[in-house]
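> here is the input, now give the coordinates:
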Amino acid sequence: MTMALSMPLLVLILFIYLPHGYLFQQNAQGTDVDDKFGSLAEKFESLHQHVLNLEDRVKEQERKIQDHEQKIAELENELNDYKKYFDQASQEEKQDKPKISGSKRTFLSKMFGQKRVFSKTLKTKPELMTLNGHVSNPNINSRIRRNVEGEFAFSAYLTHIIDHMAPGHVIKCDKTLLNDGNAYNPITGVFTVPVDGVYLLTFHIDSYTETHVTLVVDGGNTADSVSEPHVYRNGFEIMSGNTALIRLRERQSVWLEEYSNADGTVTSGEAYRFTTFSGVFMYA
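Here you go, the predicted model:
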């Protein structure tokens, strides 16, 4: 009787407790799977963000590469311009100096030697003497002295717009109206002083934005100009400029450059030549 009651009771206990334990185990396994899935989702999201960051870095590197390629192309074009400029100068020099032989070379060397002696006399003596020994007119003497030194003058303008100029950007007026003595280089925008003396230098700029330009001599500031349109006149350009009468030494370099403002603009073109740079040798 006791054995008969114990078996049904055991079955009942197993029936009651076993399913609950099994279900608890299943729930525990399900929770573990959810945790693992959540962890994997977080890792996937982290990896996805990392991939996006890498893509941004790749794009940035590609942009830098394009900028470098563009700069290389500009430098190559500038180098080609230099080559053309020097080739042309070499050809002109060959044409200007024909070959002279024999007695003509001897005669010309003597003649030019006499002229060099005469030019030294003009520079060193207060009263300028003519070749026959008479004192000449002082007004004529000043003109003779300038002719002995040489005639140097240039005037150039910018043929295009330059924007987003940073401080130190050289403004290269790339087209010349006059370049007597070839002392101004339209490729570099630099005037190289040919002889010691007093020079008159002037420049003008046109701009739609706040732009600061300085006349530089061997890296030093000489004269400044500020073009600053009024805040209520947006879209209107403003012109400015300056003039300097200064004594310069041979082989000094003179140019225009942006200073102070980090986003300067100069406006000019073939039709409207607003931005210009000019200079002339006055006297020794």
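
> how about the strands in this structure?
153-157, 162-165, 170-171, 175-180, 184-185, 190-192, 197-207, 211-217, 220-227, 238-248, 253-258, 264-266, 276-283 (DSSP state E).

> closest one to residue 73 among those strands?
strand 162-165 (17.5 Å; Cβ to Cβ). No exception for glycine: its C-beta is placed from N, CA and C like everyone else's.

> direction included, what does that closest one pair against?
strand 264-266 (antiparallel) (DSSP bridges).

> quick one: residues in contact with the partner strand.
For strand 264-266, the external contacting residues (Cβ atoms under 8 Å, 6 or more residues apart in numbering) are 158, 161-166, 169, 171, 205-213, 258, 275.

> one more pass at 10 Å, please.
158, 160-167, 169, 171, 173, 204-213, 227, 237, 256-258, 274-275 (Cβ atoms under 10 Å, 6 or more residues apart in numbering).

> going through the residues you listed, which ones are buried?
For the contacts of strand 264-266, a burial check counting by 16 or more other Cβ atoms under 10 Å picks out 158, 162, 165, 169, 171, 173, 204-213, 227, 237, 256-258, 274-275.

> what is the neighbour count of residue 194?
Neighbour count of residue 194, defined by other Cβ atoms under 10 Å: 18.

> surely it and residue 179 touch.
No. Residue 194 is not in contact with residue 179 according to Cβ atoms under 10 Å; the separation is 11.5 Å.

> common neighbours of these two, please.
Common neighbours of residue 194 and residue 179, using Cβ under 10 Å, 6+ apart, are residue 152.

> need the strands of the chain in JSON lines (columns: mean pLDDT).
As requested, the strands of the chain are arranged in JSON lines below (pLDDT from 0 to 100):
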{"stretch": "strand 153-157", "mean pLDDT": "98"}
{"stretch": "strand 162-165", "mean pLDDT": "92"}
{"stretch": "strand 170-171", "mean pLDDT": "96"}
{"stretch": "strand 175-180", "mean pLDDT": "97"}
{"stretch": "strand 184-185", "mean pLDDT": "98"}
{"stretch": "strand 190-192", "mean pLDDT": "97"}
{"stretch": "strand 197-207", "mean pLDDT": "96"}
{"stretch": "strand 211-217", "mean pLDDT": "95"}
{"stretch": "strand 220-227", "mean pLDDT": "92"}
{"stretch": "strand 238-248", "mean pLDDT": "95"}
{"stretch": "strand 253-258", "mean pLDDT": "97"}
{"stretch": "strand 264-266", "mean pLDDT": "92"}
{"stretch": "strand 276-283", "mean pLDDT": "97"}
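
> save those strands as CSV, and put in distance to residue 31 too.
Putting the strands of the chain into CSV (distance: least, Cβ to Cβ, whole Å) gives the following:
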stretch, distance to residue 31
strand 153-157, 80
strand 162-165, 60
strand 170-171, 71
strand 175-180, 80
strand 184-185, 80
strand 190-192, 78
strand 197-207, 70
strand 211-217, 69
strand 220-227, 72
strand 238-248, 74
strand 253-258, 68
strand 264-266, 66
strand 276-283, 80
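
> wait, which of those is closest to residue 34?
Closest approach to residue 34 among these is made by strand 162-165 (55.4 Å; Cβ to Cβ).

> with just CA atoms, put the closest one into CSV.
Provided in CSV are the C-alpha atoms of strand 162-165 (Å, rounded to 0.1, in the frame of the first residue of the first chain):
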residue,chain,number,x,y,z
ILE,A,162,43.2,86.5,-56.6
ASP,A,163,41.1,85.5,-53.6
HIS,A,164,41.6,83.8,-50.2
MET,A,165,45.1,85.4,-49.9
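
> what sits up against that strand?
Identification of contacts with strand 162-165 by Cβ under 10 Å, 6+ apart yields 169-172, 205, 207-209, 211-213, 257-259, 261-268, 275.

> no more questions from me, cheers.
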